[in-house]
Every structure is written in structure tokens, then in C-alpha cells.
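1. Let me see the structure of the following:
(chains A and B)
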Amino acid sequence: MTGSLMTDIRYLAPHTLDEAVSAYADAAGAARILAGGTDLLVQMRSGMISPGLILDIKKISELTEISETPEGGFRVGAAVSGAVLAEHPTFGKVWPGVLEALNLIGSTQIQGRASAGGNLCNGSPAGDSVPAMIAAGATVTVQGPGGRRDIPVEAVPVGPGRTNLAPGEILVSFTLPPRAPGSSDAYLRMIPRTEMDIAVVGCGVNLSMKDGVCTAARVALGAVAPTVVLVEDAAKALIGSKLDDAALEAAATACRAACHPIDDKRGTIVYRTKVAGVLLKRTAGIAADRAGRS
Amino acid sequence: MPTVSMTVNGKKVSGEVEGRTLLVQFLRENLRLTGTHVGCDTSQCGACVVHLNGDSVKSCTMLAAQADGAEVTTIEGLADGETLHPMQEAFREHHGLQCGFCTPGMVMSAVDLVKKNPKASEAEIREWLEGNICRCTGYHNIVKAIQHAQTTMSA
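-> From the prediction side, this is the model:
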């Protein structure tokens, strides 16, 4: 079982972000970032990639911290594991949809390692935490040789396995905005088994309710296009409605229209498109119930 | 090559590893602790579960270098001399294994579960085992064994 696929690999675990950024930039494309390693190590073992340098970012405190922002939101380090986020006393109460999406990834032992940052940077259109983060309106902070920048999560993926991060840039953290009263979120995915599978379709919905009317909403779909997609037309159909059948059907129609999926062993184009609409209705219902529908 | 040091089953060990060396390779090949198995090599099957600083992890999903300075417990570290750990005893008592390949990882996962959630329901036990695949037993007797160990581990 000793791998013969890989040539000599250096392992570095810097304690500061500056060190990490400069080592990453110096490696000029030969390095890969190690957060949980639940994608990276499997890709290395299967021969998909053979990095010359593995840069472990878990010793950098900013990447493993969860904090509340002065505005009342949350900042979650890119390498925070799903299990650690689940144990946070308030995060899951404020963002239950983001947490349930992240905690759908893999098994208990995977949860102990896998991070939202890795899920996003892996660039899979089916990454479970990504639609939930996009629906939440989360932004990411990235740092590279040229300094820091903040971009919305939906601007990160550009295609299967590819991101918008420039050479040498490292994902530092997610920032989730403060919550208005009567707000909540939810994430559902369709898989043919109950656990440990890759989404056929994933749907994240984040909304605010006031006096029974939806006042704000964001909807994102996974596994139905080359990247996770923000479906603004679905949000528009929900906003201003009481989430009645007509509004939900209009939002579901917008979701179906946003689908550009592939046929593969997990599902056909027709099936994925239909399921996207079904999941939108169910997910919006859960988010509204959590928001108190009032 | 970098040197890693860690405490495995209570003993301090160290060794030279390549950057790519997985924790499970270090355990099996350097330390000859072959009780930890490799089933799938891709983090799905759970045969390689060990405890790292008290939490169950898949040792095929981390590098040996990442475990530098850590406390690791493998299946070999559970029993107290000739006396089996209550979870091992429960697996034997309830016939929680047939071929035994998944058993080391299954037992290590189960011990972590009972430590974290001593009163886990049958559904919670089954959910916890989502990352441990067994092709022989159909899981029934594994679940029974864990339910039995819930009483004996706290005793």
C-alpha cells in the first residue's frame, strides 16, 4: 500500500498567514493547501494530483477560529472543521442551514477534519456547504502576495475543480452577516441513500419573515450546473409573498430555469431539473418554519 | 526526511517519514501495529479509525507529519493486558463481527461514540456508524454490542 504514485513531497505547517502566503507563492503552483485533507489526500492517493509541497494551514490561528463580528455576524476560519463548528454554542442556532449543510459532508470521522474552506476551494459543483453559504450571503476573505480582498462566496467557484483565487492566494475565513429578527435558513440535498453520498441536487434557502410576509430571501442550488448557482429570480418570487403555493411554484420554476446539469450516474438532466424545484419548496418551508413564519 | 514524534498507546515513538506518509502507514509499517486496517484508502470505509487526542479519525485521511506531538490510540492500545476492553468484550459476546476486517475501526469508532454520547439511542448509534462499512454482519449485532457496551463501559 506504500504509494508509488507520488514523488517526494515536502510538508510545511507554518504558524502565520504571512509565512503560508509566501511559501505558497514561492512554490508557484506546485503546492496544495491542506486543511482537513479529506479531498486532498484522496486525490493524491488516486493519482489525480502530485503536489511538490503540502501546506498545512491548521496551525494558523486565524484560520481555525470562530468569532463574532462587531456587527453581530460570524467569522469562521477557513480550516474550522464541521465538528468544531457544530459544537459552537450559538452558530448553529443563528445559521442552522449552513451548519446542517456542512455536517452532511461525510461521516463523523470526516466531520472531525473536513472544513467549509476546503469544500469551497475543492470547487465541486456538488459541495454541500457551498449553496448554504451562498444563500447565507457569506463573503470570504482571501490573502495573497498582493494583499487581502473580500469577495462573495458565489464569486469563488468558476467551474468544476476551479476557483477564482489568484496564484498564491489562500482562503482565510468566511464572514456571515448579522441576522434580522425573524430570519433563518435551511439546506436540503437529494441523494439516493441516507448518508455518505454526493448531492444529486442541493438547495440552500435563507430568508426573513415579518408579519407572515417574506421580506428578504436568497436561494442557491448545487449540482445542477458547472458551479453552484445563486438563483436571484427564485428569491424575487419569494420576497413580498406569504410563501403561498403560487409564490413557491414561481420560485420553483425559477430554480428549474437556472439548472444546466449534466447526465451522469447520479441523475439525469430531467430528474435533476425536476428535483431542483421540489427541493426549493421543501427547503423554503423549513427555513420559514425556523424563522417563525411571523 | 522529517522526523515525527508522537505517543502511541502510551509509548513515546518517533521515526523518519516522507511528507506524503499517511498516519496509517506510519502505524502499520514503521511501528508494525497492523491491527489498524486499510480498506478503501479513500476515507470511506472506516477500517483505519484510530483515536487522535481522544477523537476518532480516519488514519488514511491524515499525514503522519500532522500527528507530530499527538496522542494516538490504536486497537492494540484498548485492552488492559489480557483483559479485553468492554467494547471488545461486547463485540465478542454479541457476535459483532464475522470476517473481522472492519472490526478494529468499528470498535474504535464505537468507543468514541460511547465516550461522547453514553446514552446514544439505537438510531444515534446507527447514524454514528455511517462512516464504518461492514460487509458481513448487516450491522445488527454491531449495534447490539455497542448497546451492551454502553452499560459495561460506564460500570
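
2. near chain B, which residues of chain A?
-> A:1-3, A:6, A:8-11, A:13, A:34, A:36-38, A:41-42, A:44-46, A:54, A:56, A:58, A:83, A:106-110, A:112-113, A:195-196 (CB under 8 Å from any CB of the partner chain). In short, each C-beta sits where N, CA and C put it, glycine included.

3. Can you give me the separation between whatever residue of chain A ends up closest to chain B and residue B:61?
-> Across chain A, the shortest distance to chain B (CB to the nearest CB) belongs to residue A:107, at 2.2 Å. Residue A:107 sits 11 Å away from residue B:61, going by CB to CB, to the nearest Å.

4. Of these two, which one has the most company?
-> Higher neighbour count among residue A:107 and residue B:61: residue B:61, with 30 against 25, using other CB atoms under 10 Å in any protein chain shown.

5. Make sure the more buried one is actually in contact with residue A:43.
-> No: contact status for residue B:61 versus residue A:43: not in contact, 11.7 Å apart, counting by CB atoms under 8 Å.

6. and after the helix or strand hosting residue A:33, which helix or strand comes next?
-> If you go by DSSP states H and E, residue A:33 is part of strand A:31-34. Sequence-wise, the next helix or strand downstream of strand A:31-34 (DSSP H and E) is helix A:40-45.

7. Could you list every helix and strand in contact with that next one?
-> strand A:31-34 (3 or more CB pairs under 8 Å, 6 or more residues apart in numbering or on different chains; DSSP states H and E).

8. Can you give the contact residues for stretch B:113-121?
-> Under the contact criterion CB atoms under 8 Å, 6 or more residues apart in numbering or on different chains, stretch B:113-121 has outside partners A:108, B:54, B:87, B:124, B:125, B:128, B:146, B:149, B:150, B:153, B:154.

9. Quick one: those as a markdown table, columns for neighbour count, secondary structure and distance to residue A:184 too.
-> Shown next, in a markdown table, are those (neighbours: other CB atoms under 10 Å in any protein chain shown; DSSP: H, G, I helix; E, B strand; the rest coil; distance: CB to CB, whole Å):
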| residue | neighbour count | secondary structure | distance to residue A:184 |
| --- | --- | --- | --- |
| A:108 | 25 | helix | 26 |
| B:54 | 11 | coil | 34 |
| B:87 | 25 | helix | 39 |
| B:124 | 12 | helix | 25 |
| B:125 | 21 | helix | 30 |
| B:128 | 22 | helix | 27 |
| B:146 | 28 | helix | 34 |
| B:149 | 27 | helix | 38 |
| B:150 | 21 | helix | 35 |
| B:153 | 18 | helix | 38 |
| B:154 | 10 | helix | 37 |
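
10. Next, report how far stretch A:263-280 is displaced from the centre of its chain.
-> Taking CA atoms, centre = their mean, to the nearest Å, one finds the center of stretch A:263-280 at 20 Å from the center of the full chain.

11. What residues sit buried inside that stretch?
-> A:266, A:267, A:272, A:273, A:274, A:275, A:276, A:277, A:278, A:279, A:280 (16 or more other CB atoms under 10 Å in any protein chain shown).

12. before we move on, what SS does residue A:214 have?
-> strand (DSSP: H, G, I helix; E, B strand; the rest coil).

13. Run through the residues that contact the residue lying closest to it once chain neighbours are set aside.
-> Counting by CB to CB, 6 or more residues apart in numbering or on different chains, residue A:214 lies nearest to residue A:238, which is 4.9 Å off, once chain neighbours are set aside. Residue A:238 makes contact with A:207, A:214, A:217, A:219, A:247, A:248, A:251, A:284, according to CB under 8 Å, 6+ apart.

14. Now, those residues that are in strands?
-> Residues from those lying in strands, with DSSP state E as the criterion: A:207, A:214, A:217, A:219.

15. My read is that the second one contacts residue A:243, right?
-> Yes: applying CB under 8 Å, one finds residue A:214 in contact with residue A:243, separated by 5.7 Å.

16. shared neighbours, the two?
-> Common neighbours of residue A:214 and residue A:243 (criterion: CB under 8 Å, 6+ apart): residue A:288.

17. Look at the residue nearest the centre of chain B and tell me its secondary structure.
-> Central residue of chain B (CA atoms, centre = their mean): residue B:108, 3.0 Å from the mean position. At residue B:108 the chain is in helix, as set by three-state DSSP.

18. Buried residues of stretch B:65-75, list them for me.
-> Here stretch B:65-75 shows B:65, B:66, B:67, B:68, B:70, B:72, B:73, B:74, B:75 as buried, counting by 16+ other CB under 10 Å.

19. And the residues of chain A next to chain B, which of them are buried?
-> For these, buried by 16+ other CB under 10 Å: A:3, A:6, A:9-11, A:13, A:34, A:36-38, A:41-42, A:44-45, A:54, A:56, A:58, A:83, A:106-110, A:112-113, A:196.
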